[in-house]
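Participant: Give the three-dimensional model of this entry:
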Amino acid sequence: MTTAGRTNRREPQQERSRITRERLLSSTIEALAQDGWSAATVAAVAERAGVSRGAAQHHFPTREALITATLEQVFDDLADSATRAHPVPDDADRVSVAVEHAVAMYTGTEFKAALQIWAAAASDSALRALILPMEARFARAAHRTTMAVLGAEPDDDAAHRAVQATLDLARGLGLADTLSDDSARRAQVVATWSEMMRAMLV
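Facilitator: Numbering: from 1, shown residues only. You can find the predicted model right below:
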């Protein structure tokens with residue numbers, strides 16, 4: 001067989017392997033967000049993903065390997081979401097847009113999955129050591145983007161403090177949303193906090 005033929009056979013196999021890995025990671029994130037920490041085992045995730053256990057273990061031989069890779073994926077996704085703020089029209093209420101964007105970052109599937117890992121990390125020093133730098137990277141991205149959406153200069157101390165309080169508020173709203181559909185009360189809180197922020201930044 002020619003070298004070109006071997007390469008052509010490898011490429012589809014590599015693509016299938018990549019797709020399988022992505023499916024396993026996506027299923028782990030869903031399992032964590034929907035069913036909690038105990039649901040994120042290699043066997044359970046393989047079943048959820050529609051992948052054989054052997055194929056799952058080829059990618060992730062242990063639960064630790066699966067959780068580590070998922071942790072990296074979760075925080076990559078969160079950091080990406082933090083930096084994907086859409087341009088804000090000049091006539092828009094930038095404060096409301098900034099608050100809503102911040103809250104959206106903390107109420108999605110990825111954040112719900114991250115919460116499960118955070119809870120486990122409280123009693124697992126190795127997991128905590130993995131999660132802290134990733135969480136810090138996400139926090140910096142979230143703060144930087146919220147400042148940009150707000151239209152604030154990086155050295156604006158009042159905006160800096162207001163944005164930090166906004167992100168802390170958003171994290172709390174995200175936590176509440178894991179227990180029940182908190183969307184109605186959350187909308188009221190977002191509107192009230194936006195009004196307070198406008199007063200703070202005058």
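Participant: C-alpha from now on. contacts and neighbour counts both.
Facilitator: Fine.
Participant: Going along the chain, name the helices of the chain.
Facilitator: Per DSSP state H, the chain carries helices over the ranges 3-35, 42-49, 53-59, 63-83, 94-105, 109-121, 125-150, 157-176, 183-200.
Participant: What are the structural domain limits within this protein?
Facilitator: 1-61, 67-202 (automatic domain parsing).
Participant: Could you dump the helices of the chain into TSV and include mean neighbour count and mean pLDDT?
Facilitator: Output for the helices of the chain, formatted as TSV (neighbours: other Cα atoms under 10 Å; pLDDT from 0 to 100):
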stretch	mean neighbour count	mean pLDDT
helix 3-35	16	81
helix 42-49	20	95
helix 53-59	16	94
helix 63-83	19	89
helix 94-105	21	92
helix 109-121	20	91
helix 125-150	17	91
helix 157-176	18	94
helix 183-200	14	92
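Participant: Correct me if wrong: residue 152 contacts residue 161.
Facilitator: No. When contacts are counted by Cα atoms under 8 Å, residue 152 is not listed as touching residue 161 (11.5 Å).
Participant: any common contacting residues for these two?
Facilitator: The contact sets of residue 152 and residue 161 do not overlap (Cα atoms under 8 Å, 6 or more residues apart in numbering).
Participant: is it true that residue 178 touches residue 112?
Facilitator: Yes. The pair residue 178 and residue 112 passes the contact test of Cα under 8 Å, sitting 6.6 Å apart.
Participant: can you pull the contacts of the nearest residue to residue 43 once chain neighbours are set aside?
Facilitator: Using Cα to Cα, 6 or more residues apart in numbering and skipping the chain neighbours, the partner closest in space to residue 43 is residue 53 (5.8 Å). Applying Cα under 8 Å, 6+ apart to residue 53 gives the contacts 42-43, 46-47.
Participant: Quick check, residue 37 in contact with residue 117.
Facilitator: Yes. In this structure, residue 37 is within contact of residue 117 by Cα under 8 Å, at 7.1 Å.
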